[in-house]
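K.L.:
Return a 3D structure for these sequence lines:
(chains A, B and C)
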Amino acid sequence: MGTPNAVGDWSSEMEVSAFRRLFPLRYYERHLSESIRPDARPLKRARDTIVSLGAVASSDGSALAKIGSTTMLAAIKMEVMTPSVDSPDEGSVAVEFHMPPICSPVVRPGRPAEVAPVTSKQLFDCLLSSGMIDLKELSLIKGKAAWMAYLDIYCLDADGALFDAALLSAVAAFSHLRIPVVSLNDEGRMVMVSKELEGEKLDKEPVDKERRKLSLKSIPFSLTCILHKNYILADPTFEEESIMETFITVVLNSSGQLVSLYKSGGPVLAHTSAIQECVALTRQRMKELEEIIDEAISTMEID
Amino acid sequence: MEIDRADGRNPNQLRPLSCSRGVLNRAHGSASWAQGNTQVLAAVYGPKAGTKKNENPEKASVEVIWKPKTGQIGKQEKEYEMVLKRTLQSICILTIHPNTTTSVIVQVVHDDGALLPCAINASCAALVDAGIPLKHLAVAICCCLADSGLVMLDPTKLEEEKMKAFVYLVLPNSILSVLPEESSSVKGEQMEQGLITSVTHGVMSVDDYLHCLERGRAATSKMSDFLRRNLQPQLSSDSSKAG
Amino acid sequence: MAGGASATAPSTYSPSPNQKKKPPLFKDGDLDWVRPDGREFHQCRPAFFRTGAVNAAAGSAYAEFGNTKVIVSVFGPRESKKAMMYSDMGRLNCNVSYTTFATAVRGQVLDQKESSSMLHKALEGAIRLETFPKTTVDVFALVLESGGSDLPVVISCASLALADAGIMLYDLVTAVSVSCLGPNLVIDPISEEESYQDGSLMITCMPSRYEVTQLTITGEWSSARINEAMQLCLDACSKLGKVMRSCLKEAASASEES
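P.N.:
Okay, here's the model as predicted:
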């Protein structure tokens, strides 16, 4: 590796950690040329991923997702609302992505992260346009009452690929969601049927017989890749994101359709071959993530 | 493959483009860009001293402020701001004026579809007008995908709402007119084929996306020509400002 | 994360029964308050701590007391805000926030400013601020789920996070609160008990030094009851200190092995 240049000569006398801080790009490029990353991953492998369902007891559906040390906690609370006039037989979904100050040294209280509202919107677009949720399933009484699903995602630890982890936690929270049982009271308003009364005889027939699940179709999964020179690095860490600044996020749904292909600027231009490569990597990743979610659901059902 | 567009255009046809620079007196650079009825005004101030916290002080930074036609800015406008900021940052040469901030203020005059591409084109022209050093120009375009799989370029608001998906693409301006051909190719693929920014909305197949990309690329060469023609005469008469 | 609680046996820190045996005020039959979670009046919820919950932070800790779940991250010592004047003492900056799903009703606003300043006051006395002049240590807490006694849990968890970050402390800070419900003193109250309480008392202390950093009392108390409540809290605090200490030791020995 002894390339005859100033930095190369320096590195032999310098401690690795100092070299890493002083010449981060050099440090990375040395690794990349050997097809390995500093955390011992090959270039195109994502970090270990964990999903656990039902982390928040007070919500109607919740999940914790970890990709490497990036951690997301998502929880859904259901509330009854009047549906809009345009779509009287549909419920709705609201998505909020939060980056509390605990998650990263760059977020300070009172000065919310710029990316948070943008990520909220992108998550909302992906969840809705992927066709995962049939909003008609959230309807209670046409034109009168429907469910509003409030999805809140908290980033607990920010170490890169925030969108991927947030989307994964959102999808997992929806797969854990059980819609509460409600019934009409005498004034014609919706009231929640408390958990103790569930299954017992009620004066009023509940709108649903039991806590129901949503039938989720074409679930979206995403993978963010870094483009750097001719290298493609899947699932970047925070350090990688701050050194190499060109990202592509591909979102595919489980029926193989493209939900989003997002790249905003960055010094590296994406050629068609690179785009195709990123899509192929996302396809592979989707299989892994589908298995992880299925496993989380089956372990929850055993419990 | 014929489909009726309300304004009688064929699918590949862009709306009439118009661009005027130096429309604002007090700004360091400004431009107004219109595609049909969609019109955006961009003003550039700077470079001003200092960067914000969390920005790299060893590089210049670009700040984008989006002003909607009416009302407050919401999440959608925040997303536009972020895409615009990252896109402009990637075409500016950031090492020339380290520790400075260049502000780009985008005022929507009228939105009739393809708003973000129009704003990117306007900002790019305004940056040139302000004499901010750029690596290359960029052109932005909106491709729309109908249910039948037909790709339409530069949709109006009405068309955008009817379509199942649309794609915003930003590509580098063709540099063939200035530099000899061999210097423009990067490892087999032409530089102007590389994608700077891509934002999609709605579900489509991967092939449809690649098709959009191809059509977008073809169309941007026309826009590049327009942008260059528009910038060149002023450059020669007003070289002190643009230099 | 929540699953971790079952892995290590949760340790409890309930105070020992009173030294001086008092005749029971009520016979079993006419108890006027039964704790909703079936605990005895002087029984604390099992306390679970883990350090290093957030990698991005200099130090962090996660605490779970029943349904109360809290994460605290510590950043720094790092550059103070530009507007700050020179100071040869370090600065402490605290912030407490709640998730929108922390409470039963979504987005119910809890007084986050008040909790933030209480956290600041509780920790200030325990930190050796002179060891990091000109700089600031940020302590940020997020209450994931609010299940009662949130503030004491946040404070204990924050001191553990400070220790994890290697900030010089005189001692860990432990906090315990007691609610007064009619004639009864109930330790480590849950949300439901807090909403019925006639008064509350919280002590934050440094158990090894036997020093109190903060004492707050609300409601009407007789001095005898204050004494009783303080004894209860102090006893529980010193036991909680041991639980936290063992958590730190475990983390240290685990990192030595690897």
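K.L.:
helix, strand or coil for the residue nearest to A:Ile297 when sequence neighbours are not counted?
P.N.:
Once flanking residues are discounted, A:Ile297 sits nearest to A:Ser175: 5.9 Å by Cβ to Cβ, 6 or more residues apart in numbering or on different chains. (Glycine included, C-beta is placed from N, CA and C.) Recorded secondary structure, A:Ser175: helix (DSSP: H, G, I helix; E, B strand; the rest coil).
K.L.:
Just list the residues touching A:Ser175, thanks.
P.N.:
A:53, A:61, A:63, A:216, A:219, A:293, A:297 (Cβ atoms under 8 Å, 6 or more residues apart in numbering or on different chains).
K.L.:
For the spatially closest residue to the first one that is not a sequence neighbour, give its distance to A:Gln122.
P.N.:
Distances taken as Cβ to Cβ, 6+ apart place A:His176 nearest to A:Leu53, at 4.1 Å, with adjacent residues excluded. Relative to A:Gln122, A:His176 is positioned 22 Å away (criterion: Cβ to Cβ, to the nearest Å).
K.L.:
again with A:Asp235
P.N.:
For A:Asp235 relative to A:Gln122 (Cβ to Cβ), the value is 17 Å.
K.L.:
ok, now which ones touch the nearest residue to C:Val173 once chain neighbours are set aside?
P.N.:
Take C:Val173 and drop its neighbours on the chain: the residue closest to it by Cβ to Cβ, 6+ apart is C:Ser159, 3.9 Å away. C:Ser159 sits next to C:123, C:126, C:169, C:172-174, C:244 when contact means Cβ under 8 Å, 6+ apart.
K.L.:
Around chain A, which positions in the stretch 1-150 of chain C sit nearby?
P.N.:
C:1-3, C:53-57, C:60, C:67, C:71-73, C:75, C:78, C:95, C:97, C:99-104, C:106, C:138, C:140-142, C:144-145 (Cβ under 8 Å from any Cβ of the partner chain).
K.L.:
Which among those count as buried?
P.N.:
Neighbour counting by 16 or more other Cβ atoms under 10 Å in any protein chain shown classes C:1-2, C:53-57, C:60, C:67, C:71-73, C:75, C:95, C:97, C:99-103, C:106, C:138, C:140-142, C:144-145 among the residues of the stretch 1-150 of chain C next to chain A as buried.
K.L.:
and those residues, which of them are in strands?
P.N.:
With DSSP state E as the criterion, strands contain C:60, C:71-73, C:75, C:95, C:97, C:138, C:140-142, C:144-145 from among those.
K.L.:
I'd like those as TSV, with distance to C:Glu256 and pLDDT appended.
P.N.:
Listed next are these as TSV, based on distance: Cβ to Cβ, whole Å; pLDDT from 0 to 100:
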residue	distance to C:Glu256	pLDDT
C:Ser60	19	96
C:Ile71	25	96
C:Val72	24	97
C:Ser73	24	97
C:Phe75	25	95
C:Asn95	33	95
C:Ser97	34	93
C:Asp138	28	95
C:Phe140	28	96
C:Ala141	28	96
C:Leu142	30	95
C:Leu144	30	94
C:Glu145	33	93
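K.L.:
I'd like those residues laid out as a markdown table, including distance to B:Trp33.
P.N.:
Below are these laid out as a markdown table (distance: Cβ to Cβ, whole Å):
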| residue | distance to B:Trp33 |
| --- | --- |
| C:Ser60 | 48 |
| C:Ile71 | 47 |
| C:Val72 | 50 |
| C:Ser73 | 45 |
| C:Phe75 | 44 |
| C:Asn95 | 44 |
| C:Ser97 | 42 |
| C:Asp138 | 44 |
| C:Phe140 | 44 |
| C:Ala141 | 48 |
| C:Leu142 | 44 |
| C:Leu144 | 48 |
| C:Glu145 | 51 |
